[in-house]
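# pasting the sequence and the predicted coordinates here, then a few questions.
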Protein chains: 2
Amino acid sequence: MNKQQLIDNIRRKQSFLCVGLDTDIKKIPDHLLDSHEPVFAFNKAIIDATADLCIAYKPNLAFYESMGVKGWMAFEKTVKYIREQYPDQFIIADAKRGDIGNTSAMYARTFFEELDIDAVTVAPYMGEDSVTPFLGYDKRWVILLALTSNKGSHDFQLTEDAQGERLFEKVLRRSQEWAGDEQMMYVVGATQGRAFEDIRRIVPHHFLLVPGVGAQGGSLEEVCRYGMTKDCGLIVNSSRGIIYASKGADFAEAARQAAREVQVQMAEQLKQIF
Amino acid sequence: MNKQQLIDNIRRKQSFLCVGLDTDIKKIPDHLLDSHEPVFAFNKAIIDATADLCIAYKPNLAFYESMGVKGWMAFEKTVKYIREQYPDQFIIADAKRGDIGNTSAMYARTFFEELDIDAVTVAPYMGEDSVTPFLGYDKRWVILLALTSNKGSHDFQLTEDAQGERLFEKVLRRSQEWAGDEQMMYVVGATQGRAFEDIRRIVPHHFLLVPGVGAQGGSLEEVCRYGMTKDCGLIVNSSRGIIYASKGADFAEAARQAAREVQVQMAEQLKQIF
């Protein structure tokens, strides 16, 4: 998917919600555990209940890999289901990969060629040659970690160099030499508040993937105030707040209600630009 | 495996070689492609041919994930085979993971509980809470990226803060507050030469996992001169140089010869300390 298609979807659906499919076998409703493929059954129900309210899905690889071969099967089946049933959805593999060139190239092959995924989250620590192998694919995206939502983001990402440039700012600046806003996005946690102003000075037009609204305590209104562009420029993710809205038989309907609440807030914010 | 057991294995085998199982289906000998499980068949032959010459194996997850479900099966089967046939081998999952706490906890569960792996490589960018979930397991290790072997390592890892401390030095220093040398190791590329001196000032007793000897051009002799401790303190990895020493029917024997050459050089270096 290219940038304009993504913007069109956001305008049409009045939503920039990404539903994070952090599906944990230990947290899904008991009645699904009897089914042949409980994780896929859970994902399918969540997807069918939320697809008209969101523009992206973000399966987090850790949750699938923790189940080994069965988990990988559930992951692949989930991606295939979204592709076939909801072709307008932007699929993000939240993998946070980053390795030397030949290894990153293997990951790119997996996500973009084998699995037909739109975007992969990548960690910047190893630098340019760990990121560029993901950039050789048309209409595929790298979402680079910049300023994350967790407490530990302060440990290294805020380190200032001799010129007063913080590490996450250096990552934003340097990585623009590798690709533009048609191929690169950045992860910026919703918990970072005013930092969005500094980030928009460096990347005024890029899309930002924003986790941390809901369970982690970030504010959608604040993210929009400081981070929204004339094209929206935001994909805001919610995982636990939506997919675990209920642990009962009504989990899918509860997920839909939770997604609807966020979408309504998003439509309100989008009035500023569309 | 704990630190003393690792040191004992190095002394006994006169080797601190780690064989990197970066198995690429496109690079293994043609005659194996007919077998039911070509990747496992290749790994098994390499392992049987080198197990007495090395003290560790390091499968790189990217190469297995690029084959999807089949790749995960080959990965799990390879780990299981090493565990059962060569219990004194230190198994490193080269995954370079790093995510928010609850996600890192899922990865820790995968590698340490489901798969009985000794160590996992972890990326430091997201800070303390992305690393600590891997530290709750007895005799299991985190191998944190510090100064990597690739060209891109210069992009961010060498950035100096206002006090002149480089990012990789900050990672080494800060992470010692999270765990000691019985649970943490660091990745330092063999191509970094004199930087080993600076690194040993900060982590004089920690084991270092050193990739980049061979294909990437690092020198074993230089790594030992600047990085070796009285307990060795080094696990030097070679992947392509060993597993692809020959593409023919003699690939396993060629791998053994290549591993033997490195092991002989290592035995020579170990005379300084054992």
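That came in fine, so what should we check first?
# which single residue in the stretch 151-274 of chain A comes nearest to chain B?
residue A:152 (2.4 Å; Cβ to the nearest Cβ). Every residue, glycine included, has its C-beta placed from N, CA and C.
# what about stretch A:232-252, start to end distance?
Its first and final residues considered, stretch A:232-252 spans 28 Å by Cα to Cα, to the nearest Å.
# what of stretch A:134-150?
Stretch A:134-150: ends 25 Å apart by Cα to Cα.
# next: stretch A:131-141.
11 Å.
# now do that stretch: everything it contacts.
A:1-2, A:98, A:101, A:104-105, A:107-108, A:112, A:117-120, A:122, A:124, A:142, A:144, A:175, A:178-179, A:183-185, B:152 (Cβ atoms under 8 Å, 6 or more residues apart in numbering or on different chains).
# now, these that are in strands?
The strands in this structure, assigned by DSSP state E, contain A:119, A:120, A:122, A:142, A:144, A:184, A:185 from these.
# what's opposite the fifth one in the beta bridge?
It refers to residue A:144. Residue A:144 has these beta-bridge partners by DSSP bridges: residue A:122, residue A:186.
# what distance do you get for residue A:77 to residue B:176?
43 Å (Cβ to Cβ, to the nearest Å).
# I'd like to know how many residues surround the closest residue to residue A:90 other than its chain neighbours.
Distances taken as Cβ to Cβ, 6 or more residues apart in numbering or on different chains put residue A:56 closest to residue A:90, at 4.0 Å, once the chain neighbours are dropped. Residue A:56: 25 surrounding residues under other Cβ atoms under 10 Å in any protein chain shown.
# pretty sure residue A:56 contacts residue A:19?
Yes: here residue A:56 reaches residue A:19: they are 7.4 Å apart, a contact under Cβ atoms under 8 Å.
# and residue A:93, what does it touch?
Residue A:93 sits next to A:58, A:59, A:61, A:79, A:111, A:115, A:117, A:119, A:120, A:121 when contact means Cβ under 8 Å, 6+ apart.
# can you give me the helices for the stretch 151-274 of chain A?
A:153-156, A:167-175, A:195-202, A:220-227, A:240-243, A:251-270 (DSSP state H, counting those that start in this stretch).
# mind putting those helices into JSON lines with mean pLDDT and mean neighbour count?
Output for the helices of the stretch 151-274 of chain A, formatted as JSON lines (pLDDT from 0 to 100; neighbours: other Cβ atoms under 10 Å in any protein chain shown):
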{"stretch": "helix A:153-156", "mean pLDDT": "96", "mean neighbour count": "21"}
{"stretch": "helix A:167-175", "mean pLDDT": "98", "mean neighbour count": "22"}
{"stretch": "helix A:195-202", "mean pLDDT": "96", "mean neighbour count": "17"}
{"stretch": "helix A:220-227", "mean pLDDT": "95", "mean neighbour count": "18"}
{"stretch": "helix A:240-243", "mean pLDDT": "96", "mean neighbour count": "23"}
{"stretch": "helix A:251-270", "mean pLDDT": "98", "mean neighbour count": "19"}
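# and these as a markdown table, adding distance to residue B:168?
Converted to a markdown table, those look like this (distance: least, Cβ to Cβ, whole Å):
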| stretch | distance to residue B:168 |
| --- | --- |
| helix A:153-156 | 10 |
| helix A:167-175 | 12 |
| helix A:195-202 | 24 |
| helix A:220-227 | 31 |
| helix A:240-243 | 34 |
| helix A:251-270 | 40 |
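# among those helices, which comes closest to residue A:12?
helix A:251-270 (10.9 Å; Cβ to Cβ).
# what's the angle between the closest one and helix A:220-227?
40 degrees (axes from the mean of the first three to the mean of the last three Cα atoms, to 10 degrees).
# related to what we said a few turns ago, just the buried residues out of the contacts of stretch A:131-141, in PyMOL syntax.
Here is the PyMOL command that selects the buried residues among the contacts of stretch A:131-141 (16 or more other Cβ atoms under 10 Å in any protein chain shown):
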select buried, (chain A and resi 1+98+101+104+105+107+108+112+117+118+119+120+122+124+142+144+175+178+179+183+184+185) or (chain B and resi 152)
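# I'd like to know how far residue A:3 sits from chain B.
25 Å (Cβ to the nearest Cβ, to the nearest Å).
# number of nearby residues for that residue?
19.
# for it, which non-adjacent residue is spatially closest?
residue A:182 (5.3 Å).
# burial measure for that neighbour, as a count.
Counted with other Cβ under 10 Å, residue A:182 comes out at 14.
# phi, psi of it?
Dihedral angles of residue A:182 (phi, psi; degrees, to the nearest 10) stand at phi -100, psi -10.
# give me the distance between residue A:178 and residue A:2.
Plainly put, residue A:178 is 18 Å away from residue A:2 if you go by Cβ to Cβ.
# same check on residue A:88?
To residue A:2, residue A:88 is 13 Å away according to Cβ to Cβ.
# give me the pLDDT value at the residue of the stretch 151-274 of chain A closest to chain B.
We have a pLDDT of 96 for residue A:152.
# got a list of what the residue nearest to it when sequence neighbours are not counted touches?
Excluding the flanking residues, the one nearest residue A:152 by Cβ to Cβ, 6+ apart is residue B:127, at 2.4 Å. Counting by Cβ under 8 Å, 6+ apart, residue B:127 makes contact with A:150, A:151, A:152, A:153, A:154, A:155, A:156, A:157.
# residue B:225: which of the residues you listed is nearest?
residue A:156 (29.7 Å).
# now do the same contact list for the closest one.
Applying Cβ under 8 Å, 6+ apart to residue A:156 gives the contacts A:167, B:124, B:125, B:127, B:167, B:170, B:171, B:174.
# now do 10 Å
By Cβ atoms under 10 Å, 6 or more residues apart in numbering or on different chains, the contact set of residue A:156 is A:125, A:166-168, B:124-128, B:156, B:159, B:167, B:170-171, B:174.
# check residue A:174 too.
Per Cβ under 10 Å, 6+ apart, neighbours of residue A:174: A:124, A:127, A:128, A:131, B:155, B:156, B:159.
# hmm, try it at 8 Å
Counted by Cβ under 8 Å, 6+ apart, residue A:174 has contacts A:128, B:155, B:156.
# could you do residue A:85 as well?
Residue A:85 makes contacts with A:47, A:48, A:51, as judged by Cβ under 8 Å, 6+ apart.
# check residue A:25 too.
Residue A:25 touches A:33, A:38, A:39, A:67, counting by Cβ under 8 Å, 6+ apart.
# and residue A:87, how many neighbours?
The number of residues packed near residue A:87 is 8, by other Cβ under 10 Å.
# now do it against residue A:51, distance only.
For residue A:87, the distance to residue A:51 - Cβ to Cβ - is 11 Å.
# do the same with residue A:13
10 Å.
# then residue A:254?
Relative to residue A:51, residue A:254 is positioned 16 Å away (Cβ to Cβ).
# what sits against residue A:194?
Contacts for residue A:194 (Cβ under 8 Å, 6+ apart) come out as residue A:226.
# any idea how far residue A:172 is from it?
16 Å.
# please apply the same query to residue A:179.
Distance from residue A:179 to residue A:172, counting by Cβ to Cβ: 12 Å.
# also residue A:32?
Distance from residue A:32 to residue A:172, by Cβ to Cβ: 41 Å.
# quick one on the thing from earlier: chain B next: which of the contacts of residue A:93 are close?
residue A:115 (Cβ under 8 Å from any Cβ of the partner chain).
# of the contacts of residue A:93, the lowest pLDDT goes to which?
Lowest confidence among the contacts of residue A:93: residue A:115, with 92.
# for that one, what are its contacts?
Going by Cβ under 8 Å, 6+ apart, residue A:115 touches A:76, A:79, A:93, B:68.
# near the last one, how many other residues are there?
If you count neighbours by other Cβ under 10 Å, residue B:68 ends up with 17.
# distance of it from residue A:109?
11 Å.
# ok, now the first one?
Counting by Cβ to Cβ, the separation of residue A:76 from residue A:109 is 15 Å.
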